[in-house]
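[1] model the following, please.
(one chain, ligands or ions: 1)
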Amino acid sequence: MDTTKSEQLFNRAQQLIPGGVNSPVRAFRAVGRHPFFVERAQGPWLIDADGNKYLDYVCSWGPGILGHAHPEVIKAVQRVCERGLTFGAPTAGEVELAELIQACVPEMEMVRLVSSGTEAVMSAVRVARGFTGREKIIKFAGNYHGHSDGLLVKAGSGLMTQSVPDSAGVPVGYAASTLTAVYNDEESVRRLMEENHGQVAAVVVEPVAANMGVVPPKKGFLEFLRRITEDDGALLIFDEVITGFRLALGGATEYTGVSADLHTFGKIVGGGMPLAAYGGRQDIMSCVAPLGSVYQAGTLSGNPVAVTAGITTLKILMEDAEIYERLDRRAAKLAEAYRQEGLSVNRAGSLLSAFFVPGWEGAADRPESREEGSRGIENYEDACKCDKQAFADYFNRMLEHGIYVAPSQFEAMFVSDAHTDALIETTCEAIRESVG
Ligand code: HOZ
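    From the prediction side, this is the model:
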């Protein structure tokens with residue numbers, strides 16, 4: 001595979017951009033190679049600067065549920081661009097997108113549009129503090145909620161990939177009001193709630209964790225969080241930046257049946273453009289300025305181009321009654337292929353992770369260890385035990401087969417509607433040849 005142009009670009013990038021990338025996991029450090037630079041993308045394919053073509057299961061880390069450059073989305077964006085790129089004033093599209101979000105997730109009684117998932121969660125936490133008059137929050141080790149100061153404590157995603165649980169530069173005081181519990185462990189939450197009774201503004205959780213690899217909630221875990229927050233007068237925030245419009249049109253609430261007070265969305269809701277949203281109960285969201293005293297603002301919030309990409313994407317999803325069933329079926333096929341090779345697989349709809357758990361070698365020959373749910377990863381500590389070198393070897397072999405999965409054991413694999421049955425079959429063959 002010729003990678004000359006990507007290498008040249010990476011050399012130039014490293015002179016100016018920290019690590020040569022604008023988001024750490026993209027640097028490919030965990031898989032021992034340099035990143036490729038993307039030239040363009042279409043459907044399930046990425047084409048790099050040297051003309052190499054990859055079947056893409058990263059899908060821009062989640063937004064690409066329809067595949068890349070969906071013609072309807074591109075056309076709508078081209079049309080709206082002709083009318084101007086940003087106004088810093090309200091547009092009809094913002095109202096329409098808010099209405100569509102509410103139609104999909106009825107709990108979103110009020111919605112605020114922002115520009116990134118980080119901003120959405122940071123703002124939701126501020127609203128929770130303003131509403132309750134309390135300062136502390138509880139998050140879970142291995143959950144990632146963007147890079148705002150108070151949420152970079154025992155965070156997943158890039159921090160896990162680099163084995164840095166906490167970021168430097170976060171004032172001790174900020175981190176002190178973030179309490180960390182163990183995902184899927186009710187007792188750890190109960191203890192923190194008791195020790196900090198009446199002081200916790202919110203429990204913020206990825207309802208299906210997807211930043212320590214995919215880790216679904218154990219039966220009853222989210223229901224427990226709902227009860228304990230209600231009993232204490234704290235709010236429950238579902239960070240649905242990844243799960244929103246991916247697990248179902250109604251996101252995690254539809255998928256799990258559990259309600260939250262506030263939700264945050266990103267990725268799919270922006271249709272591939274920088275747009276995110278937070279919202280929920282009207283009494284809580286009424287605290288946001290100019291209605292209330294919790295301040296949050298943004299020049300590019302509700303940007304007309306991003307809003308158009310979001311509206312078009314949500315409409316396509318809403319009009320296709322079978323899309324989620326299709327995605328689920330295809331992801332299940334991939335999961336089965338990984339299991340047959342002895343890996344431990346977690347899956348929720350079109351999100352999945354294959355973990356190189358200790359003892360994975362030879363597990364393919366032990367039928368009992370191939371069963372769904374056996375040798376499962378349930379939390380951060382379990383995920384940390386995985387064999388990262390084996391993952392890196394597998395990643396590189398998949399890339400040689402022309403298949404791009406996330407360059408970290410701790411990121412999800414995303415299946416899009418552009419991954420046809422035939423492409424899934426090709427991928428299963430590559431999995432058989434790349435694991436082990
Ligand atoms: N941290 C995000 C993935 N969970 C984004 C990574 C990127 O865009 O490089």
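[2] what lies in contact with the host helix or strand of E381?
    Counting by DSSP states H and E, the element that carries E381 is helix 380-384. Applying CB atoms under 8 Å, 6 or more residues apart in numbering, the contact partners of helix 380-384 are 140-142, 154, 156, 160, 182-183, 212-213, 215, 355, 357, 376-377, 409-410. From N, CA and C alone the C-beta is placed, and that goes for glycine too.
[3] among those, which ones are buried?
    Buried residues within these, counting neighbours by 16 or more other CB atoms under 10 Å: 140-142, 154, 156, 160, 182-183, 212-213, 215, 355, 357, 376-377, 409-410.
[4] ok, which stretches of the stretch 101-250 of the chain are helices?
    Remark: helices assigned in the stretch 101-250 of the chain by DSSP state H, counting those that start in this stretch are 117-132, 158-161, 172-176, 186-195, 221-232.
[5] could these go into TSV alongside distance to L97?
    Formatted as TSV, the helices of the stretch 101-250 of the chain follow (distance: least, CB to CB, whole Å):
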stretch	distance to L97
helix 117-132	14
helix 158-161	29
helix 172-176	32
helix 186-195	34
helix 221-232	27
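[6] and V25, that's in a strand?
    No: per DSSP: H, G, I helix; E, B strand; the rest coil, V25 lies outside any strand segment and is helix.
[7] tell me, how many residues neighbour it?
    For V25, the count of nearby residues is 23 (other CB atoms under 10 Å).
[8] now do the contacts for the residue lying closest to it once chain neighbours are set aside.
    Distances taken as CB to CB, 6 or more residues apart in numbering put G158 closest to V25, at 4.7 Å, once the chain neighbours are dropped. Residues counted as contacts of G158 (CB under 8 Å, 6+ apart) are S23, P24, V25, Y144, S408.
[9] pretty sure the second one contacts Q162?
    Yes: with contact defined as CB atoms under 8 Å, P24 reaches Q162; the gap is 6.6 Å.
[10] which one of these two has more residues nearby?
    P24 (18 against 15).
[11] wait, isn't N196 in contact with R134?
    No: at 9.0 Å, N196 and R134 do not qualify as touching, with contact defined as CB under 8 Å.
[12] could you tell me which residues touch both of the two?
    Joint contacts of N196 and R134 (CB under 8 Å, 6+ apart) do not exist.
[13] the two: which has the busier surroundings?
    The residue with more neighbours, out of N196 and R134, is R134; 20 against 17, by other CB under 10 Å.
[14] excluding chain neighbours, what is closest to that one?
    Closest to R134 by CB to CB, 6+ apart is A201, at 4.0 Å.
[15] ok, the residue lying closest to D166 once chain neighbours are set aside - how many residues close by?
    Leaving out its chain neighbours, the residue that sits closest to D166 by CB to CB, 6+ apart is V153, at 5.7 Å. Look at V153: counted by other CB under 10 Å, it has 22 neighbours.
[16] quick one: residues contacting V153.
    K139, P165, D166, V170, A175, T178, T180.
[17] show me which residues of this protein sit near the ligand.
    Counting by CB under 6 Å from any ligand atom, the residues of the chain close to the ligand are S23, V25, R26, W61, S157, G158, N211, E411.
[18] residue of the stretch 201-350 of the chain closest to the ligand, please.
    Nearest to the ligand, among the residues of the stretch 201-350 of the chain, is N211, at 5.2 Å (CB to the nearest ligand atom).
[19] I figured that residue was touching G156, is that so?
    Yes: in this structure, N211 is within contact of G156 by CB under 8 Å, at 3.4 Å.
[20] got any residues that touch both of these two?
    Common neighbours of N211 and G156, counting by CB under 8 Å, 6+ apart, are G142, N143, Y144, F410.
[21] go through those residues and say which is closest to the ligand.
    After measuring the shared contacts of N211 and G156 against the ligand - CB to the nearest ligand atom - the closest member comes out as Y144, at 6.1 Å.
[22] quick check: chain neighbours aside, which residue is closest to the residue of the stretch 1-150 of the chain found nearest the ligand?
    The nearest approach of the stretch 1-150 of the chain to the ligand comes at S23, 3.2 Å away (CB to the nearest ligand atom). In this structure, S23 finds its nearest non-sequential neighbour in G158, 7.2 Å apart by CB to CB, 6+ apart.
[23] which helices and strands sit right next to the helix ranked longest in the chain?
    Looking across the chain with DSSP state H, the single longest helix is helix 323-340. Packing partners of helix 323-340 (3 or more CB pairs under 8 Å, 6 or more residues apart in numbering; DSSP states H and E): strand 344-348, strand 351-355, helix 421-434.
[24] so what pLDDT did G67 get?
    pLDDT for G67: 98.
[25] ok, it - contacts?
    G67 makes contacts with Q42, G43, P44, C59, S416, D417, A418, H419, as judged by CB under 8 Å, 6+ apart.
[26] and what of T132?
    Shown in contact with T132 (CB under 8 Å, 6+ apart): A201, A202, G233, A234, L235.
[27] hmm, which of these are the buried ones?
    A201, A202, A234, L235.
[28] find the nearest non-adjacent residue to S167, please.
    L152 (4.2 Å).
[29] just give me the neighbour total for the one you found.
    22.
[30] burial of the nearest residue to G117 once chain neighbours are set aside, as a residue count?
    Leaving aside its sequence neighbours, G117 sits nearest to G266 (CB to CB, 6+ apart; 3.2 Å). If you count neighbours by other CB under 10 Å, G266 ends up with 28.
[31] phi, psi of G266?
    With angles defined as degrees, to the nearest 10, G266 sits at phi -160, psi -160.
[32] touching, A41 and P63? I think so.
    No: judged on CB under 8 Å, A41 makes no contact with P63 at a distance of 11.6 Å.
[33] neighbour count winner among those two?
    Comparing A41 with P63 by neighbour count (other CB under 10 Å), the higher total belongs to P63, at 26 against 19.
[34] please give the element, helix or strand, for the nearest residue to G88 once chain neighbours are set aside.
    When the adjacent residues along the chain are set aside, G88 lies closest to T299, with 5.7 Å between them (CB to CB, 6+ apart). For T299, there is no host helix or strand (DSSP H and E).
[35] isn't T299 right up against F87?
    No: the pair T299 / F87 is not scored as a contact, 10.2 Å apart, by CB under 8 Å.
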